[in-house]
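Chemist: here is my input, please return the structure:
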Amino acid sequence: MRDAGLQQAIRAVGGISALARALGVAQPSISGWSRVPAERVVAVEAATGVTRDVLRPDLYPPIDEHGVIHIDLDETDVARANLYLVFANLLLRVPDEKVLGELRRLTGDETALGQAVTALAEAADISKAEEIAREHFNLFVGVGRGELLPYASYYLTGFLYERPLVRVRGDMKRLGIERGEEFPEPEDHLGFLMEIMAGLIARRIASEPGEEKAFFTKHIEPWAGRFFADVGKAEAAGFYRAVGRLGEQFMAIEREAFALAGEETSDAA
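Modeler: Numbers count the residues shown, from 1 in each chain. Predicted coordinates for the structure are as follows:
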């Protein structure tokens, strides 16, 4: 039985055959759908004009008249998504005074992760934006190349533009994610992967259950911990030493949490 969103999409274009042609897929494929698959939501929206929150309200909660998305996320997931975004912003872009001001307001607790959060806030408090900009350049950009290369291809193969990048691009296409024009770097840049993880956790990116763990396990877990450890001891690092130490702690916690979730799923089965 087709759900309401899929039925509305089919009616909007005049039938299953018309929707299949618009998407470039075989008619039997759509005939077998009970709802629009997560990886097809963006394409169906573009082809039919039926908005994604109607097509898959479980993945895209409605937006109210004030532009606020109402989503049922627990506090832990909100904190995780925000921390992934912190790393994305610090790796992809030079943090300005606004970002540094937000970092200075971070507070931690007595756990190892909480202490690393506090250390990052303190580092932001004693660092100037122009100093961090030079540090960011020396670490990740450089003249020719920076001290560190934050790419999955490099950490996993020793070269850029290798198989890990191909795998990232394949999953991006499946999830309906496109690289923005303002982002010229290869898509296996860790900052970009962190941004995708934040979107999966906060359900801004349509995905089936288990996608969050699968993406982390495939694209981040094999190398991000090593990268953050390298940041923490990099010669050019000052402020970014605190970023590296926090990243190392966070990756270890995420790895353990996903492993425990997998064990619980196996026990339930």
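
Chemist: if you count neighbours, what's buried in the helix or strand containing A116?
Modeler: Taking DSSP states H and E as the criterion, A116 maps to helix 112-126. By neighbour count on 16 or more other Cβ atoms under 10 Å, the buried set for helix 112-126 is A116, V117, T118, A119, L120, A121, A123, A124. (C-beta placed from N, C-alpha, C; glycine too.)

Chemist: list the contacts of the fourth one.
Modeler: If a contact means Cβ atoms under 8 Å, 6 or more residues apart in numbering, then A119 has G108, A242, R245, L246 as its contacts.

Chemist: what do you get for the third one?
Modeler: Under the criterion of Cβ under 8 Å, 6+ apart, the neighbours of T118 are L106, T107, G108.

Chemist: closest one of those residues to F140?
Modeler: Relative to F140, the closest of these is L106; by Cβ to Cβ it sits at 21.8 Å.

Chemist: where does the stretch 51-200 of the chain dip in pLDDT?
Modeler: 61-72 (pLDDT under 70).

Chemist: all helices for it, in order.
Modeler: 52-55, 75-92, 97-104, 112-126, 129-136, 152-157, 163-175, 190-201 (DSSP state H, counting those that start in this stretch).

Chemist: ok, and what's touching the first one?
Modeler: It stands for helix 52-55. Here helix 52-55 has contacts from 4-6, 8-9, 36, 41-42, 44-45, 59-63, 206, using Cβ under 8 Å, 6+ apart.

Chemist: could you look up the SS state of R21?
Modeler: Three-state call for R21 (DSSP: H, G, I helix; E, B strand; the rest coil): helix.

Chemist: dump the residue contacts of the residue nearest the centre of the chain.
Modeler: Geometric centre of the chain, nearest residue: I196, 1.8 Å, by Cα atoms, centre = their mean. Shown in contact with I196 (Cβ under 8 Å, 6+ apart): M172, L175, I177, I205, F215.

Chemist: among the residues you listed, which one sits closest to E185?
Modeler: Distances from E185 to the contacts of I196, taken by Cβ to Cβ, are shortest for M172, at 13.5 Å.

Chemist: ok, and the closest non-adjacent residue to that closest one?
Modeler: E187 (6.2 Å; Cβ to Cβ, 6 or more residues apart in numbering).

Chemist: ramachandran coordinates for that neighbour?
Modeler: The phi/psi pair for E187 (degrees, to the nearest 10) reads phi -70, psi -10.

Chemist: quick one: the strands in the stretch 151-269 of the chain, in order.
Modeler: Counting by DSSP state E, counting those that start in this stretch, the stretch 151-269 of the chain forms no strands at all.

Chemist: would you agree D171 is in contact with F215?
Modeler: Yes - D171 is within contact range of F215, at 6.7 Å (criterion: Cβ atoms under 8 Å).
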